[in-house]
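**Q** Below are the sequence and a predicted model for it; my questions follow.
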Amino acid sequence: MGAEKGLDLREESRRKSAGIVIPIDGPAGSGKSTAAKGVAERLGFDYLESGALYRAVGYQVLNKNREGDFESRAVDSARGLRFECRKEGNAWKNVLDGEDVTDALRDEVISDMASRVSAIPGVRAALLDFQRNYGRKRGAVIDGRDIGTVVFPEARLKFFLDADIEVRIQRRFAELEARGVPFHPDHLREDLKRRDERDRHRASAPLRKAEDAEEIQTSEIGVDQVLEVMLEKIRLVYGEVIEDA
């Protein structure tokens with residue numbers, strides 16, 4: 001009986017959270033995806049890594065859609081994208097056209113391709129509605145680079161995570177080493193700096209902190225600390241929905 005009541009309360013909480021979206025923006029290596037997944041799991045919300053959408057488009061342009069010039073291929077891929085972020089066991093999976101492409105989308109070649117296609121206005125326009133559909137049935141946590149400024153500018157609570165460039169570079173080194181992915185440190189360092197420059201200065205939806213976003217510097221604090229800071233802020237704004245988180 002107690003377990004059933006707990007499930008009923010959880011379902012009621014999810015109904016109350018329908019339409020709530022918590023945007024988390026920041027540059028590569030700031031820890032935003034790890035934090036976003038943690039928040040989503042604690043709240044029982046859906047999760048979407050918006051960067052994975054652009055990686056998926058880049059993946060298709062590189063591997064499948066090779067007809068026409070680069071920009072038209074990217075826009076066509078974005079318009080026809082069939083993508084899902086799905087929780088399986090303890091991990092979040094990126095599924096493209098029914099195929100698990102989680103590992104493939106983390107390749108550094110795809111990362112650079114994602115940064116390139118994300119600078120194309122037609123691609124961003126095509127993916128805008130896709131992102132806005134998340135959270136309509138229940139709450140969602142979405143991380144990216146323009147979620148709080150462009151995709152959900154009216155969100156009641158937004159976060160912007162950042163860290164020193166060298167800290168972010170070392171985190172990327174550690175991530176690739178843990179996955180057994182070979183890389184050239186100097187090339188990876190330059191690629192990350194180039195992506196930073198491109199993301200922050202592109203004409204369409206550049207990476208920037210929303211004026212009303214809560215900024216968290218993650219250079220010297222761990223994931224657990226970041227998560228607790230975020231959850232405390234969320235409790236203050238949405239306490240009636242996530243009081244048991």
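**A** Happy to help now that I have it.

**Q** pretty sure L62 is in a strand, no?
**A** No. Counting by DSSP: H, G, I helix; E, B strand; the rest coil, L62 is not found in a strand; it is helix.

**Q** now I22, nearest residue through space, not along the chain?
**A** Excluding the flanking residues, the one nearest I22 by CB to CB, 6 or more residues apart in numbering is V141, at 4.8 Å. All C-beta spots, glycine's among them, are computed from the backbone N, C-alpha and C.

**Q** Downstream of the helix or strand harbouring that neighbour, the next helix or strand is which one?
**A** Secondary-structure assignment from DSSP states H and E places V141 in strand 140-144. Next along the chain after strand 140-144, taking DSSP H and E as the criterion, comes strand 159-162.

**Q** and that following strand, how far from the chain's centre?
**A** Mean-position distance between strand 159-162 and its chain equals 12 Å (CA atoms, centre = their mean, to the nearest Å).

**Q** That strand pairs with which strands?
**A** If you go by DSSP bridges, strand 159-162 pairs up with strand 21-25 (parallel), strand 214-217 (parallel).

**Q** re the thing from before, which residues touch the residue nearest to I22?
**A** By CB atoms under 8 Å, 6 or more residues apart in numbering, the residues touching V141 are 21-22, 24, 36-37, 39-40, 43, 45-48.

**Q** what does R82 give?
**A** Counting by CB under 8 Å, 6+ apart, R82 touches 96-98.

**Q** Now, these that are in helices?
**A** Among those, none falls in helices (DSSP state H).

**Q** Please pick the buried ones from those residues.
**A** Among those, those classed as buried by 16 or more other CB atoms under 10 Å are L96.

**Q** Okay, and E190 sits in which element?
**A** E190 belongs to helix 185-201, assigned by DSSP H and E.

**Q** For that helix, list every residue counted as buried.
**A** Taking 16+ other CB under 10 Å as the criterion, helix 185-201 shows 188-189, 191-192, 195-196, 198-199 as buried.

**Q** Over to stretch 231-238?
**A** In stretch 231-238, counting by 16+ other CB under 10 Å, buried: 231, 233-234, 238.

**Q** Please enumerate the strands of the chain.
**A** For the chain, the strands defined by DSSP state E cover 21-25, 46-49, 83-88, 91-96, 99-100, 140-144, 159-162, 214-217.

**Q** Quick one, which of those strands gets closest to F152.
**A** Nearest to F152, of all the strands of the chain, is strand 21-25, at 5.0 Å by CB to CB.

**Q** Give me the contact list for the closest one.
**A** Applying CB under 8 Å, 6+ apart, the contact partners of strand 21-25 are 32, 35-36, 39, 45, 134-135, 139-149, 151-152, 155, 157-161, 207, 209-210, 213, 230, 234.

**Q** Mind pulling up the pLDDT for G19?
**A** Note on G19: pLDDT of 80.

**Q** wait, I meant R15
**A** Confidence score, pLDDT, at R15: 60.

**Q** Using PDB, write down the CA coordinates of the longest helix anywhere in the chain.
**A** Longest helix in the chain, counting residues (DSSP H): helix 223-242. The C-alpha trace of helix 223-242 is given here as PDB (Å, rounded to 0.1, in the frame of the first residue of the first chain):
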ATOM      1  CA  VAL A 223      29.600  17.400  -9.900                       C
ATOM      2  CA  ASP A 224      27.800  16.700  -6.600                       C
ATOM      3  CA  GLN A 225      28.300  20.200  -5.400                       C
ATOM      4  CA  VAL A 226      27.100  21.700  -8.700                       C
ATOM      5  CA  LEU A 227      24.000  19.400  -8.500                       C
ATOM      6  CA  GLU A 228      23.100  20.400  -5.000                       C
ATOM      7  CA  VAL A 229      23.400  24.100  -5.800                       C
ATOM      8  CA  MET A 230      21.100  23.600  -8.800                       C
ATOM      9  CA  LEU A 231      18.600  21.600  -6.900                       C
ATOM     10  CA  GLU A 232      18.400  24.100  -4.100                       C
ATOM     11  CA  LYS A 233      17.700  26.900  -6.600                       C
ATOM     12  CA  ILE A 234      15.000  24.700  -8.200                       C
ATOM     13  CA  ARG A 235      13.400  24.000  -4.900                       C
ATOM     14  CA  LEU A 236      13.100  27.700  -4.300                       C
ATOM     15  CA  VAL A 237      11.300  28.300  -7.600                       C
ATOM     16  CA  TYR A 238       9.400  25.100  -8.100                       C
ATOM     17  CA  GLY A 239       9.200  23.800  -4.600                       C
ATOM     18  CA  GLU A 240       5.500  22.700  -4.900                       C
ATOM     19  CA  VAL A 241       6.500  20.400  -7.700                       C
ATOM     20  CA  ILE A 242       9.800  18.900  -6.600                       C
END
